Every structure is written in structure tokens, then in C-alpha cells.
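Undergrad: sequence plus the predicted model coming up.
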Amino acid sequence: ALIFGVGFALLAQGRRNGNPADAKKSKAKSAADNGDDDGGGKDRTEESQEDSVLHMISVAAVVANKSMTIVDVNEAAIGLFGYDEREHLIGQRVNTLMPPDAADKHDSYVEFYLKTKISAVIGQERCVPAVKSDGTPFEVYIKLLKSGSNEDNPVFTAFFREADASISEFANVTTMYTML
């Protein structure tokens, strides 16, 4: 846990102390890559730091865009949900990880949030039903975080742990991730 804390603190410090000229260039590049003319959203420095942290942690994490399409996933999430490769999840909707009844409700929750910016789940840990790649249902604790400075293009990161798994590392990682 101490290693994670030090690593996250160093990454967060690096992001705050980045070169403004580099940040401006990478923000323009990111905007061009995303088709975002106003340069909103995260710059490449923020993205690469969060991406590297995402792939270093042992807590399952899934990143999705506002359309709820999975854009990144770490090895822990691949294992938790029973997939062989990350490519089996990238480009899929997050509903793939939910049983059908939860998936149907999820779309309306997301639509409500995107219209109102009111959420009862962002930042809160809760137990939800999930489904493995073979269709086996199981319960997970999820903590959902929103990032990105452009409200029109939010990025969501969900951290997962099995309902019977230890909470200590999960709590440390999700707390430190919010500092990035």
C-alpha cells in the first residue's frame, strides 16, 4: 500500500508541475485526436499518467467514454470478468459486464446523468450485480469516478472488487486515483 501511495503522489506531483508549453501542445493534439475543436478534455500528459497508473494497479479498472464504450481496461479487470485479452472488451459497451436487467436500467441512469449532471453513484462505493464473460453472475463492489475537464466529454473510470475481496487495497487505490 505504501508503494502505491508514493507512486500516486509522485504521479500527481508530476502532473501539477508539468511544462505549460508541453501541456498546450498535447492538449491541441488530444483535441485533434478526439475531434474536439475547443481543446477540451484531458491533455496527453494527464491521459498517459492515468493510463500508466491504470495498468500498474492490481485493482480491476475499466475506463469508458460518455457513450459508455469501454476505451481501456487493465489486466485485473480482464481476469475478474473472465476475459482472455483486453481487446475482447475494448470497444464494447459497459453493459457487457452486467446482467440484462441491470444493463437496461444502466442506460437510463447514464442518460439522466448526462442531461442533469446529478449522480447518486459517482464517488460512492456500492455492491452491484455483474456477469463474467461466460455468463456466470457474481457480485462486485464498484466505485465510479468521473474525470476530464470538459463536461461535454467526460471519462468514467470504474474500479471493481469481488464482493468477498479485501477492501484495504481497493480503498487505497481508489482514494489515490482521485488525486491524479
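TA: Yep, that arrived.
Undergrad: use CA for all of it now, contacts and neighbours both
TA: Noted.
Undergrad: can you check which helix is longest in the chain?
TA: Counting by DSSP state H, the longest helix found in the chain is helix 100-116.
Undergrad: which residue ranges form the strands in the protein?
TA: 60-64, 70-73, 125-131, 137-147, 155-162 (DSSP state E).
Undergrad: now do the contacts for residue 147.
TA: By C-alpha atoms under 8 Å, 6 or more residues apart in numbering, the residues touching residue 147 are 154-157.
Undergrad: hmm, try it at 7 Å
TA: By C-alpha atoms under 7 Å, 6 or more residues apart in numbering, the contact list for residue 147 reads 154-156.
Undergrad: which of those lies closest to residue 107?
TA: residue 156 (14.2 Å; C-alpha to C-alpha).
Undergrad: so the closest one touches residue 64, yeah?
TA: Yes. In this structure, residue 156 is within contact of residue 64 by C-alpha atoms under 7 Å, at 5.2 Å.
Undergrad: who does the nearest residue to residue 124 once chain neighbours are set aside form a beta bridge with?
TA: Using C-alpha to C-alpha, 6 or more residues apart in numbering and skipping residues adjacent in sequence, the residue nearest residue 124 is residue 143, 5.7 Å away. Beta bridges link residue 143 to residue 125, residue 159, judged by DSSP bridges.
Undergrad: what about residue 143, neighbour count?
TA: 21 (other C-alpha atoms under 10 Å).
Undergrad: now do the buried residues in stretch 113-131.
TA: Neighbour counts over stretch 113-131 (16 or more other C-alpha atoms under 10 Å) mark 114, 122-123, 128-131 as buried.
Undergrad: which regions of this protein sit below the pLDDT cut-off?
TA: Where the chain drops to pLDDT under 70, the residues are 1-51, 165-180.
Undergrad: list phi and psi for residue 136.
TA: phi -70, psi 120 (degrees, to the nearest 10).
Undergrad: for residue 92, see how far away it is.
TA: Here residue 136 is placed at a distance of 18 Å from residue 92 (C-alpha to C-alpha, to the nearest Å).
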